[in-house]
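> Here's my sequence, what's the structure:
(one chain, ligands or ions: 1)
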Amino acid sequence: MQHYSILIANETNTKSFIDSILNTNDFSEFAALNELRGDVLSKHRIEELIYEEEHHDLKIATSSITQSLKSMSTGERKKIVLEYLISTKPDYLILDNPFDNLDQEAIQSLSTTLKNLSKELILIVLLSRKNDAPNFISNTYKLDKSGSLEKINLNSNLVKEKQFSIKIPEPILKIDACEDPLIYLKNVSVNYHDKPILTNINWKINKGEFWQLKGANGSGKTTVLSMITGENSKGYGQDLYLFNQKKGSGESIWDIKKKIGYYAPTLTHNFYGEHTLEHMLISGLNDSIGLYKLPTEEQINTARAWLVVLDLYSKKDTLFIDLPVGQQRLIMVARAMIKQPLLLILDEPTENLDDASASLFVALINKISQETSTAIIFVSHRNEVGLQPKNIFELQKTKNGSIGVITK
Ligand SMILES: Nc1ncnc2c1ncn2[C@@H]1O[C@H](COP(=O)(O)OP(=O)(O)OP(=O)(O)O)[C@@H](O)[C@H]1O
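Residues are numbered from 1 along each chain as shown. I've put the predicted structure just below:
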(Lines give C-alpha, C1' and ligand atoms only; values in the text may rest on other atoms or scores of the structure.)
Protein backbone atom coordinates (compact mmCIF):
# COMPACT_ATOMS: atom_id res chain seq x y z
CA MET A 1 0.00 0.00 0.00
CA GLN A 2 1.32 3.45 -0.95
CA HIS A 3 1.37 6.30 1.59
CA TYR A 4 2.28 9.92 1.11
CA SER A 5 3.90 12.69 3.15
CA ILE A 6 3.26 16.10 1.68
CA LEU A 7 5.14 19.17 2.83
CA ILE A 8 2.99 22.27 2.80
CA ALA A 9 4.10 25.87 3.18
CA ASN A 10 2.00 28.49 4.93
CA GLU A 11 0.91 29.95 1.60
CA THR A 12 -0.46 26.58 0.45
CA ASN A 13 -4.22 26.34 0.10
CA THR A 14 -4.56 23.14 2.08
CA LYS A 15 -8.34 23.20 2.26
CA SER A 16 -8.76 23.29 -1.50
CA PHE A 17 -6.20 20.47 -1.86
CA ILE A 18 -8.08 18.31 0.66
CA ASP A 19 -11.44 19.08 -0.98
CA SER A 20 -10.00 18.20 -4.35
CA ILE A 21 -8.71 14.81 -3.18
CA LEU A 22 -11.97 13.95 -1.42
CA ASN A 23 -14.25 15.09 -4.23
CA THR A 24 -12.93 15.60 -7.73
CA ASN A 25 -9.44 14.20 -7.31
CA ASP A 26 -7.55 16.24 -9.92
CA PHE A 27 -4.18 14.72 -9.05
CA SER A 28 -2.79 11.94 -11.20
CA GLU A 29 -0.53 10.99 -8.25
CA PHE A 30 -3.67 9.94 -6.36
CA ALA A 31 -5.53 8.22 -9.20
CA ALA A 32 -5.57 5.07 -7.05
CA LEU A 33 -8.01 6.83 -4.69
CA ASN A 34 -10.79 7.19 -7.24
CA GLU A 35 -13.85 5.22 -6.16
CA LEU A 36 -12.42 4.86 -2.64
CA ARG A 37 -13.91 6.50 0.46
CA GLY A 38 -11.71 8.93 2.31
CA ASP A 39 -11.95 11.08 5.39
CA VAL A 40 -9.87 13.78 6.98
CA LEU A 41 -8.47 14.54 10.40
CA SER A 42 -7.98 18.28 10.56
CA LYS A 43 -8.73 21.22 12.84
CA HIS A 44 -11.60 22.10 10.54
CA ARG A 45 -13.09 18.61 10.83
CA ILE A 46 -12.83 18.75 14.64
CA GLU A 47 -14.51 22.17 14.65
CA GLU A 48 -17.36 20.74 12.54
CA LEU A 49 -17.89 17.96 15.09
CA ILE A 50 -17.88 20.47 17.96
CA TYR A 51 -20.46 22.53 16.06
CA GLU A 52 -22.72 19.50 15.67
CA GLU A 53 -22.41 18.78 19.39
CA GLU A 54 -23.18 22.33 20.41
CA HIS A 55 -25.88 23.26 17.92
CA HIS A 56 -27.61 19.99 17.07
CA ASP A 57 -26.83 17.98 20.21
CA LEU A 58 -25.18 15.33 18.02
CA LYS A 59 -22.39 13.51 19.87
CA ILE A 60 -20.85 11.96 16.78
CA ALA A 61 -17.29 11.30 17.93
CA THR A 62 -18.13 11.15 21.64
CA SER A 63 -21.18 8.87 21.65
CA SER A 64 -19.65 6.49 24.19
CA ILE A 65 -18.37 9.10 26.68
CA THR A 66 -20.03 11.83 28.72
CA GLN A 67 -17.45 14.62 28.32
CA SER A 68 -18.10 16.99 25.43
CA LEU A 69 -15.52 17.43 22.69
CA LYS A 70 -15.42 21.15 23.41
CA SER A 71 -14.37 20.75 27.04
CA MET A 72 -11.51 18.40 26.13
CA SER A 73 -7.95 19.57 25.73
CA THR A 74 -6.69 19.85 22.13
CA GLY A 75 -4.70 16.64 22.36
CA GLU A 76 -7.61 14.71 23.85
CA ARG A 77 -9.92 15.92 21.05
CA LYS A 78 -7.54 14.83 18.33
CA LYS A 79 -7.21 11.36 19.82
CA ILE A 80 -10.95 10.85 20.20
CA VAL A 81 -11.71 12.11 16.69
CA LEU A 82 -9.02 9.90 15.15
CA GLU A 83 -10.47 6.87 16.94
CA TYR A 84 -13.91 7.79 15.62
CA LEU A 85 -12.67 8.21 12.03
CA ILE A 86 -10.88 4.85 12.15
CA SER A 87 -14.05 3.20 13.46
CA THR A 88 -15.90 4.28 10.29
CA LYS A 89 -13.39 2.25 8.25
CA PRO A 90 -12.40 4.68 5.49
CA ASP A 91 -10.20 3.43 2.61
CA TYR A 92 -7.86 6.35 3.02
CA LEU A 93 -7.28 9.07 5.56
CA ILE A 94 -5.87 12.55 5.02
CA LEU A 95 -4.19 13.90 8.16
CA ASP A 96 -3.55 17.63 8.27
CA ASN A 97 -0.60 18.33 10.58
CA PRO A 98 -1.57 15.48 12.92
CA PHE A 99 1.38 16.04 15.26
CA ASP A 100 0.66 19.70 15.96
CA ASN A 101 -0.41 20.40 19.56
CA LEU A 102 0.64 16.94 20.73
CA ASP A 103 3.06 16.25 23.54
CA GLN A 104 6.06 13.97 23.04
CA GLU A 105 4.30 10.92 24.43
CA ALA A 106 1.24 11.51 22.25
CA ILE A 107 3.49 11.99 19.21
CA GLN A 108 5.13 8.61 19.86
CA SER A 109 1.76 6.99 20.36
CA LEU A 110 0.26 8.57 17.22
CA SER A 111 3.32 7.56 15.17
CA THR A 112 2.80 3.94 16.27
CA THR A 113 -0.94 4.16 15.53
CA LEU A 114 -0.24 5.51 12.04
CA LYS A 115 2.34 2.83 11.35
CA ASN A 116 -0.17 0.14 12.31
CA LEU A 117 -2.94 1.86 10.35
CA SER A 118 -0.74 1.96 7.27
CA LYS A 119 -1.24 -1.80 6.94
CA GLU A 120 -5.01 -1.28 6.60
CA LEU A 121 -5.58 2.00 4.80
CA ILE A 122 -3.84 4.59 2.67
CA LEU A 123 -2.44 7.57 4.56
CA ILE A 124 -1.86 11.03 3.16
CA VAL A 125 -0.06 13.10 5.76
CA LEU A 126 0.16 16.86 5.27
CA LEU A 127 3.01 18.47 7.20
CA SER A 128 4.24 21.98 7.81
CA ARG A 129 7.37 20.74 9.59
CA LYS A 130 9.82 18.41 7.90
CA ASN A 131 10.82 16.75 11.16
CA ASP A 132 7.25 15.52 11.63
CA ALA A 133 7.39 13.26 8.55
CA PRO A 134 6.71 9.61 9.52
CA ASN A 135 9.77 7.56 8.66
CA PHE A 136 7.77 4.66 7.21
CA ILE A 137 6.51 6.83 4.34
CA SER A 138 8.88 7.08 1.41
CA ASN A 139 6.69 9.00 -1.05
CA THR A 140 7.43 12.60 -0.19
CA TYR A 141 6.05 15.60 -2.05
CA LYS A 142 5.82 19.32 -1.72
CA LEU A 143 2.56 21.13 -2.46
CA ASP A 144 3.31 24.63 -3.69
CA LYS A 145 1.10 27.68 -3.48
CA SER A 146 -0.17 27.23 -7.03
CA GLY A 147 -1.52 23.85 -5.92
CA SER A 148 0.88 21.61 -7.84
CA LEU A 149 2.73 18.67 -6.39
CA GLU A 150 6.44 18.14 -6.75
CA LYS A 151 8.36 15.07 -5.64
CA ILE A 152 11.07 16.10 -3.17
CA ASN A 153 13.70 14.77 -0.86
CA LEU A 154 12.79 15.94 2.64
CA ASN A 155 16.42 16.06 3.70
CA SER A 156 17.29 18.85 1.30
CA ASN A 157 16.15 22.50 1.54
CA LEU A 158 17.48 23.55 4.93
CA VAL A 159 15.79 26.60 6.42
CA LYS A 160 17.96 29.71 6.42
CA GLU A 161 17.88 31.55 9.73
CA LYS A 162 16.74 35.14 9.53
CA GLN A 163 17.31 37.71 12.24
CA PHE A 164 15.69 41.04 12.94
CA SER A 165 18.31 43.76 13.20
CA ILE A 166 16.38 46.98 13.98
CA LYS A 167 15.77 47.83 17.63
CA ILE A 168 12.26 47.55 19.12
CA PRO A 169 10.74 51.04 19.71
CA GLU A 170 10.06 52.41 23.18
CA PRO A 171 6.41 52.30 24.33
CA ILE A 172 4.40 55.53 24.26
CA LEU A 173 3.24 55.14 27.85
CA LYS A 174 4.80 53.07 30.58
CA ILE A 175 2.31 50.67 32.15
CA ASP A 176 1.78 51.18 35.92
CA ALA A 177 4.68 50.07 38.02
CA CYS A 178 4.33 46.70 39.70
CA GLU A 179 6.46 44.92 42.27
CA ASP A 180 7.90 41.45 41.77
CA PRO A 181 6.45 38.90 41.49
CA LEU A 182 4.11 40.01 38.72
CA ILE A 183 2.22 36.75 39.03
CA TYR A 184 2.20 34.47 42.06
CA LEU A 185 0.35 31.17 42.29
CA LYS A 186 0.69 29.83 45.81
CA ASN A 187 -0.52 26.26 46.33
CA VAL A 188 -3.18 26.71 43.66
CA SER A 189 -5.34 23.67 42.96
CA VAL A 190 -8.15 23.13 40.44
CA ASN A 191 -10.73 20.35 40.11
CA TYR A 192 -13.30 19.86 37.38
CA HIS A 193 -16.28 17.78 38.49
CA ASP A 194 -14.22 16.24 41.32
CA LYS A 195 -11.44 15.33 38.89
CA PRO A 196 -8.19 16.92 40.15
CA ILE A 197 -6.47 18.84 37.35
CA LEU A 198 -3.88 20.98 39.16
CA THR A 199 -2.53 20.33 42.61
CA ASN A 200 -0.57 22.78 44.76
CA ILE A 201 0.92 24.79 41.92
CA ASN A 202 3.57 27.27 43.06
CA TRP A 203 4.84 29.65 40.42
CA LYS A 204 6.31 33.16 40.67
CA ILE A 205 6.82 35.17 37.50
CA ASN A 206 9.01 38.25 37.85
CA LYS A 207 9.53 41.22 35.56
CA GLY A 208 11.32 40.51 32.31
CA GLU A 209 11.55 36.74 32.82
CA PHE A 210 11.19 34.45 29.80
CA TRP A 211 9.38 31.22 30.69
CA GLN A 212 8.39 28.27 28.58
CA LEU A 213 5.31 26.47 29.95
CA LYS A 214 5.36 22.79 29.09
CA GLY A 215 3.31 19.75 29.95
CA ALA A 216 1.59 16.78 28.42
CA ASN A 217 -1.80 17.09 26.72
CA GLY A 218 -4.47 17.68 29.35
CA SER A 219 -1.91 18.51 32.06
CA GLY A 220 -3.59 21.88 32.63
CA LYS A 221 -1.55 24.47 30.71
CA THR A 222 -4.62 26.29 29.40
CA THR A 223 -6.15 26.12 32.87
CA VAL A 224 -3.04 27.74 34.38
CA LEU A 225 -3.12 30.47 31.72
CA SER A 226 -6.77 31.18 32.44
CA MET A 227 -5.88 31.64 36.12
CA ILE A 228 -3.14 34.12 35.16
CA THR A 229 -5.40 36.13 32.85
CA GLY A 230 -7.98 36.25 35.66
CA GLU A 231 -10.61 34.50 33.54
CA ASN A 232 -11.02 31.27 35.49
CA SER A 233 -13.56 31.55 38.28
CA LYS A 234 -11.70 28.75 40.07
CA GLY A 235 -9.09 31.37 40.96
CA TYR A 236 -11.40 32.86 43.61
CA GLY A 237 -10.62 31.90 47.19
CA GLN A 238 -7.09 30.78 46.29
CA ASP A 239 -3.73 32.34 46.95
CA LEU A 240 -3.47 33.79 43.48
CA TYR A 241 -1.83 37.21 43.08
CA LEU A 242 -2.06 38.99 39.74
CA PHE A 243 0.06 42.11 39.45
CA ASN A 244 0.26 42.49 43.24
CA GLN A 245 -3.48 42.07 43.79
CA LYS A 246 -5.08 39.02 45.30
CA LYS A 247 -7.66 37.46 43.03
CA GLY A 248 -11.11 38.38 44.26
CA SER A 249 -9.99 41.57 46.04
CA GLY A 250 -12.00 43.87 43.82
CA GLU A 251 -9.71 43.95 40.79
CA SER A 252 -11.42 44.27 37.43
CA ILE A 253 -10.69 41.81 34.63
CA TRP A 254 -9.94 44.84 32.41
CA ASP A 255 -7.25 46.10 34.78
CA ILE A 256 -5.57 42.73 34.53
CA LYS A 257 -5.95 42.49 30.77
CA LYS A 258 -4.44 45.95 30.27
CA LYS A 259 -1.20 44.59 31.69
CA ILE A 260 -1.12 41.49 29.52
CA GLY A 261 -0.44 41.00 25.83
CA TYR A 262 -1.95 37.71 24.68
CA TYR A 263 -1.64 35.74 21.48
CA ALA A 264 -3.05 32.36 20.51
CA PRO A 265 -3.50 31.37 16.84
CA THR A 266 -7.31 31.31 17.13
CA LEU A 267 -7.26 35.05 17.92
CA THR A 268 -6.37 35.79 14.31
CA HIS A 269 -9.96 34.90 13.33
CA ASN A 270 -11.20 38.08 15.06
CA PHE A 271 -9.49 40.19 12.42
CA TYR A 272 -11.28 39.15 9.26
CA GLY A 273 -12.33 42.77 8.51
CA GLU A 274 -10.43 45.20 6.33
CA HIS A 275 -7.63 46.32 8.64
CA THR A 276 -4.32 47.57 7.28
CA LEU A 277 -1.16 46.48 9.06
CA GLU A 278 -0.60 50.00 10.38
CA HIS A 279 -4.11 50.13 11.83
CA MET A 280 -3.77 46.64 13.28
CA LEU A 281 -0.77 47.78 15.29
CA ILE A 282 -2.33 51.05 16.40
CA SER A 283 -5.46 49.24 17.58
CA GLY A 284 -3.22 47.21 19.91
CA LEU A 285 -2.69 50.41 21.91
CA ASN A 286 -6.40 50.46 22.76
CA ASP A 287 -7.02 46.70 22.87
CA SER A 288 -9.71 47.23 20.24
CA ILE A 289 -10.32 45.30 17.04
CA GLY A 290 -10.81 48.29 14.73
CA LEU A 291 -9.75 51.93 14.95
CA TYR A 292 -12.45 54.18 16.35
CA LYS A 293 -10.46 57.37 16.89
CA LEU A 294 -8.06 59.20 14.64
CA PRO A 295 -4.61 58.03 15.77
CA THR A 296 -2.10 60.56 17.04
CA GLU A 297 1.17 61.16 15.22
CA GLU A 298 3.03 59.45 18.05
CA GLN A 299 0.84 56.36 17.73
CA ILE A 300 1.38 56.23 13.96
CA ASN A 301 5.13 56.61 14.40
CA THR A 302 5.32 53.82 16.97
CA ALA A 303 3.29 51.49 14.73
CA ARG A 304 5.56 52.31 11.79
CA ALA A 305 8.66 51.73 13.88
CA TRP A 306 7.34 48.23 14.71
CA LEU A 307 6.69 47.58 11.02
CA VAL A 308 10.29 48.53 10.29
CA VAL A 309 11.47 46.06 12.96
CA LEU A 310 9.42 43.32 11.28
CA ASP A 311 10.68 44.30 7.82
CA LEU A 312 7.06 44.88 6.79
CA TYR A 313 7.06 48.66 6.48
CA SER A 314 6.55 48.47 2.72
CA LYS A 315 3.29 46.64 3.43
CA LYS A 316 1.93 49.15 5.95
CA ASP A 317 -1.22 49.73 3.85
CA THR A 318 -1.70 46.06 2.96
CA LEU A 319 -4.72 44.36 4.49
CA PHE A 320 -3.93 42.00 7.34
CA ILE A 321 -6.17 39.29 5.86
CA ASP A 322 -4.07 39.34 2.67
CA LEU A 323 -0.83 38.47 4.47
CA PRO A 324 0.62 34.94 4.60
CA VAL A 325 -0.03 33.33 7.98
CA GLY A 326 3.62 33.54 9.12
CA GLN A 327 3.63 37.33 8.67
CA GLN A 328 0.18 37.61 10.26
CA ARG A 329 1.59 36.07 13.43
CA LEU A 330 4.49 38.54 13.55
CA ILE A 331 1.94 41.35 13.28
CA MET A 332 -0.24 39.83 16.00
CA VAL A 333 2.73 39.65 18.37
CA ALA A 334 3.78 43.21 17.56
CA ARG A 335 0.16 44.25 18.18
CA ALA A 336 0.20 42.56 21.58
CA MET A 337 3.59 44.14 22.34
CA ILE A 338 3.08 47.70 21.10
CA LYS A 339 2.03 48.94 24.54
CA GLN A 340 4.86 46.87 26.07
CA PRO A 341 2.70 45.03 28.59
CA LEU A 342 4.12 43.63 31.80
CA LEU A 343 3.44 40.12 30.58
CA LEU A 344 3.21 38.58 27.11
CA ILE A 345 1.41 35.22 26.88
CA LEU A 346 1.89 33.12 23.75
CA ASP A 347 -0.30 30.03 23.66
CA GLU A 348 1.09 27.49 21.16
CA PRO A 349 1.97 30.38 18.86
CA THR A 350 3.91 28.34 16.30
CA GLU A 351 1.10 25.86 15.71
CA ASN A 352 0.68 25.17 12.00
CA LEU A 353 3.63 27.34 10.98
CA ASP A 354 6.06 25.95 8.44
CA ASP A 355 9.75 25.66 9.34
CA ALA A 356 10.77 29.01 7.85
CA SER A 357 7.93 30.97 9.51
CA ALA A 358 8.47 29.25 12.87
CA SER A 359 12.15 30.14 12.82
CA LEU A 360 11.32 33.79 12.14
CA PHE A 361 8.71 33.81 14.89
CA VAL A 362 11.19 32.38 17.40
CA ALA A 363 13.75 35.04 16.43
CA LEU A 364 11.18 37.77 17.17
CA ILE A 365 10.33 36.37 20.60
CA ASN A 366 13.99 36.06 21.57
CA LYS A 367 14.46 39.66 20.51
CA ILE A 368 11.49 40.83 22.60
CA SER A 369 12.95 39.03 25.60
CA GLN A 370 16.35 40.67 25.08
CA GLU A 371 15.22 44.21 24.35
CA THR A 372 12.15 44.84 26.48
CA SER A 373 11.23 44.41 30.14
CA THR A 374 8.11 42.39 29.31
CA ALA A 375 7.94 38.96 30.95
CA ILE A 376 7.04 36.14 28.54
CA ILE A 377 5.19 32.84 28.91
CA PHE A 378 5.61 30.73 25.78
CA VAL A 379 3.44 27.60 25.75
CA SER A 380 4.65 24.94 23.37
CA HIS A 381 4.98 21.21 23.12
CA ARG A 382 7.70 21.45 20.57
CA ASN A 383 11.25 22.14 21.48
CA GLU A 384 11.45 25.04 19.07
CA VAL A 385 14.92 25.22 17.58
CA GLY A 386 16.62 28.44 18.71
CA LEU A 387 14.05 29.46 21.35
CA GLN A 388 15.90 30.85 24.36
CA PRO A 389 13.66 30.74 27.46
CA LYS A 390 15.59 31.37 30.67
CA ASN A 391 13.26 29.10 32.66
CA ILE A 392 10.91 26.21 32.07
CA PHE A 393 7.81 25.48 34.17
CA GLU A 394 6.56 21.98 33.55
CA LEU A 395 3.21 20.51 34.56
CA GLN A 396 3.68 16.85 35.38
CA LYS A 397 0.59 14.68 35.58
CA THR A 398 -0.06 12.62 38.70
CA LYS A 399 -3.22 10.79 39.71
CA ASN A 400 -4.01 13.68 42.07
CA GLY A 401 -3.71 16.29 39.33
CA SER A 402 -0.64 17.92 37.78
CA ILE A 403 2.15 19.27 39.89
CA GLY A 404 4.36 22.14 38.71
CA VAL A 405 8.11 21.62 38.45
CA ILE A 406 10.74 24.17 37.44
CA THR A 407 12.95 22.16 35.12
CA LYS A 408 15.27 24.98 33.98
N1 LIG B 1 -14.71 23.06 31.62
C2 LIG B 1 -14.20 21.87 31.79
N3 LIG B 1 -14.93 20.81 32.20
C4 LIG B 1 -14.39 19.60 32.38
N5 LIG B 1 -13.10 19.30 32.20
C6 LIG B 1 -12.31 20.30 31.78
C7 LIG B 1 -12.81 21.62 31.53
N8 LIG B 1 -11.78 22.39 31.12
C9 LIG B 1 -10.69 21.59 31.10
N10 LIG B 1 -11.01 20.34 31.50
C11 LIG B 1 -10.08 19.19 31.63
O12 LIG B 1 -8.96 19.68 32.35
C13 LIG B 1 -7.76 19.04 31.88
C14 LIG B 1 -6.74 20.11 31.58
O15 LIG B 1 -7.15 20.81 30.40
P16 LIG B 1 -6.25 21.95 29.73
O17 LIG B 1 -6.96 22.39 28.51
O18 LIG B 1 -5.89 22.96 30.76
O19 LIG B 1 -4.94 21.09 29.34
P20 LIG B 1 -3.71 21.49 28.40
O21 LIG B 1 -2.47 21.15 29.18
O22 LIG B 1 -3.86 22.91 27.96
O23 LIG B 1 -3.89 20.46 27.22
P24 LIG B 1 -3.47 20.52 25.66
O25 LIG B 1 -1.99 20.57 25.58
O26 LIG B 1 -3.97 19.23 25.10
O27 LIG B 1 -4.15 21.73 25.07
C28 LIG B 1 -8.17 18.19 30.69
O29 LIG B 1 -8.28 16.84 31.10
C30 LIG B 1 -9.54 18.72 30.29
O31 LIG B 1 -10.35 17.71 29.73
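> any idea how far residue 25 is from the ligand?
33 Å (Cβ to the nearest ligand atom, to the nearest Å). Every residue, glycine included, has its C-beta placed from N, CA and C.
> Pick out the residue closest to the middle of the chain.
For the chain, residue 348 is the residue whose C-alpha lies nearest the centre (Cα atoms, centre = their mean; 3.1 Å).
> any idea how far it lies from residue 186?
Distance, residue 348 to residue 186, by Cβ to Cβ, to the nearest Å: 26 Å.
> Over to residue 302?
37 Å.
> Show me the strands in the stretch 1-150 of the chain, by range?
4-8, 38-41, 92-96, 122-127, 139-143, 149-151 (DSSP state E, counting those that start in this stretch).
> Can you tell me the strand partners of the fourth one and which way each runs?
Strand pairing for strand 122-127, determined by DSSP bridges: strand 4-8 (parallel), strand 92-96 (parallel).
> The second one too?
When pairing is defined by DSSP bridges, strand 38-41 lines up against strand 92-96 (parallel).
> How about the shortest one?
The strands that strand 149-151 pairs with in its sheet are strand 139-143 (antiparallel) (by DSSP bridges).
> From the structure, what's the count of residues near residue 87?
For residue 87, the count of nearby residues is 9 (other Cβ atoms under 10 Å).
> Hmm, residue 213 and residue 185 touching each other?
No. Shown here, residue 185 and residue 213 do not form a contact pair, counting by Cβ atoms under 8 Å, at 11.8 Å.
> Identify the contacts common to these two.
Shared contacts of residue 185 and residue 213, defined by Cβ atoms under 8 Å, 6 or more residues apart in numbering, are found at residue 224.
> Would you mind giving the secondary structure of the closest residue to residue 387 other than its chain neighbours?
Leaving out its chain neighbours, the residue that sits closest to residue 387 by Cβ to Cβ, 6 or more residues apart in numbering is residue 362, at 4.9 Å. At residue 362 the chain is in helix, as set by DSSP: H, G, I helix; E, B strand; the rest coil.
> neighbours around residue 362, how many?
Counted with other Cβ under 10 Å, the neighbours of residue 362 add up to 21.
> before we move on, back to that, please identify which of residue 302 and residue 186 sits among more neighbours.
The residue with more neighbours, out of residue 302 and residue 186, is residue 302; 22 against 14, by other Cβ under 10 Å.
> State the pLDDT value of that one.
pLDDT, the model's per-residue confidence, is 96 for residue 302.
> what's the spacing between it and the ligand?
Distance, residue 302 to the ligand, using Cβ to the nearest ligand atom: 33 Å.
> Quick check: that residue vs residue 262, distance?
In this view, residue 302 and residue 262 are 20 Å apart by Cβ to Cβ.
> try residue 245
Per Cβ to Cβ, residue 245 is found 18 Å from residue 262.
> So for the two, which sits in the more crowded spot?
Using other Cβ under 10 Å, the more surrounded residue of residue 245 and residue 262 is residue 262, with 19 against 15.
> what are the phi and psi values for that one?
phi -130, psi 140 (degrees, to the nearest 10).
> where does it land on pLDDT?
For residue 262, pLDDT reads 94.
> what residues are up against it?
229, 336, 344, 345, 347.
> Is residue 325 in contact with residue 9, as I believe?
No. The pair residue 325 and residue 9 does not pass the contact test of Cβ under 8 Å, sitting 9.7 Å apart.
> Any chance of CSV for the strands of the stretch 1-150 of the chain, columns distance to residue 73, mean pLDDT and mean neighbour count?
Converted to CSV, those look like this (distance: least, Cβ to Cβ, whole Å; pLDDT from 0 to 100; neighbours: other Cβ atoms under 10 Å):
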stretch, distance to residue 73, mean pLDDT, mean neighbour count
strand 4-8, 25, 94, 22
strand 38-41, 16, 95, 20
strand 92-96, 19, 96, 24
strand 122-127, 22, 96, 23
strand 139-143, 29, 92, 17
strand 149-151, 34, 89, 11
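> Of the ones you listed, which is nearest residue 380?
Nearest to residue 380 among those is strand 122-127 (17.2 Å), distances taken as Cβ to Cβ.
> Contacts made by that closest one with the rest, please.
So strand 122-127 is contacted by 1-8, 14, 17-18, 21, 30, 32-33, 36, 91-99, 114, 117, 133-134, 137, 143 (Cβ under 8 Å, 6+ apart).
> what sits up against stretch 220-232?
Contacts for stretch 220-232 (Cβ under 8 Å, 6+ apart): 73, 183, 185, 188, 190, 197-198, 201, 203, 205, 213-215, 234-235, 240, 242, 247, 251, 253, 256-257, 260, 262, 343, 345, 347, 377, 379, 395, 401-402, 404.
> Please flag which of those residues sit within helices.
253, 256, 257 (DSSP state H).
> What's the PyMOL syntax to select whichever of those residues are buried?
Buried residues among the ones in helices among the contacts of stretch 220-232 (16 or more other Cβ atoms under 10 Å), as a PyMOL selection:
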select buried, resi 256
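> And the helices in the stretch 251-400 of the chain?
Shown for the stretch 251-400 of the chain, the helices assigned by DSSP state H, counting those that start in this stretch span residues 253-258, 277-283, 297-309, 325-337, 355-371.
> Need the winner for burial among those helices.
By mean neighbour count, with neighbours taken as mean count of other Cβ atoms under 10 Å, helix 277-283 ranks first of the helices of the stretch 251-400 of the chain at a mean of 24.
> For the chain, which residues score under the pLDDT cut-off?
157-161, 176, 288-292 (pLDDT under 70).
> how about the residues of it that lie near the ligand?
By Cβ under 6 Å from any ligand atom, the residues of the chain that approach the ligand are 71-76, 192-193, 197, 215, 217-223.
> Could I get the full set of helices for the stretch 1-150 of the chain?
14-22, 43-56, 74-87, 104-117.
> Would you mind putting these into CSV with distance to residue 125 alongside?
Formatted as CSV, these follow (distance: least, Cβ to Cβ, whole Å):
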stretch, distance to residue 125
helix 14-22, 12
helix 43-56, 15
helix 74-87, 12
helix 104-117, 7
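> Tell me which of those helices sits most buried.
Comparing those by mean count of other Cβ under 10 Å gives helix 74-87 as most buried, with a mean of 18.
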